[in-house]
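Undergrad: Sequence and predicted model, in that order:
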Amino acid sequence: MGDTARQTVLEGALMEAPTTHPKLRAWVSEVAELTQPDSVYWVDGSEEEYARLTGELVEAGTLRRLNPELFPNSFAGFSDPKDVARVEDRTFICSQSKRDAGFTNNWMDPGEMKAILKDRFNGSMRGRTMYVIPFVMGHLDAEDPKFGVEITDSAYVVASMRIMARIGSDVLRRMEQTDAFFVPALHSVGAPLEPGQADVPWPCNDEKWIVHFPEERSIYSYGSGYGGNALLGKKCYSLRIASVMARDEGWLAEHMLILKLTSPENKVYHIAAAFPSACGKTNLALLDPTVEGWKAETLGDDINWMRFGKEGELRGVNPEFGLFGVAPGTGWGTNPNAMQAIAKGNSIFTNVALTDDGGVWWEGMTEETPEHLTDWQGNDWTPDSGRPAAHPNSRFCTPITQIDMLAPEYHDPEGVEINAILFGGRRKTTIPLVTQARDWTNGIFMGATLSSETTAAATGAVGVVRRDPMAMLPFIGYDAGDYLKHWITLSGKANQDRLPQIFLVNWFRRTADGGFAWPGFGDNSRVLKWAVERIEGKADAVETPIGYIPTGDSIDLTGLDMTPANVEEAVKVDPAEWVEELKGIEEWFARFGDSLPDELADQLADLKKRFAEA
């Protein structure tokens, strides 16, 4: 399309924009003028629209329609091999002051970054459709709904956002009623098409920018079509921008699942848990308890927005509408609840393997490995191929309402009271299976020093131990020390008797012979039972320098091929290992400089003293 024709089409589309929201109309007009798409389309979120867009994506080769008998209304997509995970080294927090971004974030002067982005987005949507996606994080009828609008040139993003967030015309109408503030989120794959140029199945650009401007609450994403780089309601909004909103408004935006537990006595407890990506959050969120009489229901697997309620209790709500889970390791034997939700269909899979009968497969999905597959890069694959069939960070994108164990409270805009918070990472040694914090500040210390071995969820080396405060290292939208201080000071608003108990867990500890010290998966319910019984004042514990650990016989081992001695080994606190751990924590805290809260420096000093006296 020529420039004159394009301009005429755009002017007509913008004149007919289906909204009365003045700021939104102005922003869409501004973006269209910059990016120069061939057309502008306002997403309504309907079934018909989804069917049409996914059909077009199949025709373009971006998606493949799966066998409807195996996975109804489901599709598999395959990304460019250079576009498979979050790009943390290309992710920026462009606060006005470099100090406000802190050492955990990449920073650039906002003016300098805006100039770069303007150059990259200039004409970036030529030859493509510009989609306008109104969305809300959380419930549309919440007391303070958090709106966003993503503009994208990717129909794959539109289809995925429909699963992950509440989008479309209903959201737009609500925004108009109150002239609501919204977070503008601009995304382009950075692959403009010249007249007559053929498209590729997965357009992207080798150069990538994932940029947040916290003061103005805006997001820009360029060059990637994948996951959290492109679905801007996810990590970009619900954590990086929302964490800044939470700091300013007095709440918490956290990388946490929310689980509802009901005891045999019909007492209900809500557990929030923060684990780095690919460390078992979805498995715990969809827990199938192996302890008789205990029932688990889920409210969310990834994001938890927490506010203090009218009685000073901490309440959590999941602002998402779908699951965007790591596929490998999710299987019928390890997470049947996730698999049952996935089997209902209405899902988009990315970078998984294809079975010969039109289904999908990934490592860990079934006990038996298929004899032949088409791997995520389109090659023939057999068990002897010597490489994974699915990418280690391959994903399933599935509506949360398909989970059979979804708690009814998920639909409550006010959320649920959080009774316990778990922090957990992937460590082979040192960190016990479970440790209860001494108090709230000690629990924040546990979260602040959380460490895990890196996974394939982000680009870079795998298996390196890194500190990951509250599992938020890649997602804190401002200075990490200020973030930890916010956790400490915010509790002053609380009813101190109703503050959640905090626990540190480690499902991944190894035995001397290299095996796992704990079976994990559904048996993690036994650890949760102990945590609940600690809250109730029933379960026994041993005091150690780092906190309270279970006695060998205080964890319910009924039906499990384990002994109290095995438990004692799984929770052992080895002072020799902690010599190195304390050095690591000291080095970590040194990186905070002046922004480290005094309370956490005191916690480290007290911990060193307790080990010295032990």
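TA: Right, received. Where do you want to start?
Undergrad: What are the buried residues along stretch 589-606?
TA: 589, 592, 595-597, 599-600, 603-604 (16 or more other Cβ atoms under 10 Å). (Glycine included, C-beta is placed from N, CA and C.)
Undergrad: Need these in a markdown table (columns: distance to residue 561 and pLDDT).
TA: Converted to a markdown table, the buried residues of stretch 589-606 look like this (distance: Cβ to Cβ, whole Å; pLDDT from 0 to 100):
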| residue | distance to residue 561 | pLDDT |
| --- | --- | --- |
| 589 | 41 | 98 |
| 592 | 44 | 98 |
| 595 | 48 | 97 |
| 596 | 44 | 98 |
| 597 | 44 | 98 |
| 599 | 43 | 98 |
| 600 | 40 | 98 |
| 603 | 38 | 98 |
| 604 | 39 | 98 |
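Undergrad: what's the closest of these to residue 267?
TA: Nearest to residue 267, judged by Cβ to Cβ, of those is residue 603 at 31.5 Å.
Undergrad: hang on, the earlier thing: inside helices: which ones of the buried residues of stretch 589-606?
TA: Counting by DSSP state H, the buried residues of stretch 589-606 place 589, 599-600, 603-604 in helices.
Undergrad: where do the helices sit along the stretch 51-200 of the chain?
TA: Secondary structure of the stretch 51-200 of the chain, counting by DSSP state H, counting those that start in this stretch: helices at 98-101, 110-121, 155-164, 169-178.
Undergrad: Out of the ones you listed, which is closest to residue 28?
TA: With distances scored as Cβ to Cβ, the stretch of these nearest to residue 28 is helix 169-178 (11.5 Å).
Undergrad: Which elements pack onto the closest one?
TA: strand 129-137, strand 146-152 (3 or more Cβ pairs under 8 Å, 6 or more residues apart in numbering; DSSP states H and E).
Undergrad: ok, back up a step: closest to residue 115 among the buried residues of stretch 589-606?
TA: Distance to residue 115 across those (Cβ to Cβ) is lowest for residue 595, with 28.8 Å.
Undergrad: Just the element for the nearest residue to that closest one once chain neighbours are set aside, please.
TA: Leaving aside its chain neighbours, residue 595 sits nearest to residue 481 (2.7 Å; criterion: Cβ to Cβ, 6 or more residues apart in numbering). Following DSSP states H and E, one finds residue 481 within helix 480-490.
Undergrad: neighbouring contacts of that helix?
TA: 100, 102-104, 243, 246-247, 250-252, 308, 441, 444, 447-448, 469-470, 472-473, 476, 592-597, 599-600 (Cβ atoms under 8 Å, 6 or more residues apart in numbering).
Undergrad: after that helix, next one along is what?
TA: Counting by DSSP H and E, the element after helix 480-490 in chain order, helix or strand, is strand 501-505.
Undergrad: buried set for that next one?
TA: In strand 501-505, the ones that count as buried by 16+ other Cβ under 10 Å are 501-505.
Undergrad: Could you work out the most separated pair of the ones in helices among the buried residues of stretch 589-606?
TA: Maximum distance among these (Cβ to Cβ): 11.9 Å, for 589 and 599.
Undergrad: Show me where the stretch 301-450 of the chain has its helices.
TA: Remark: helices assigned in the stretch 301-450 of the chain by DSSP H, counting those that start in this stretch are 336-343, 440-448.
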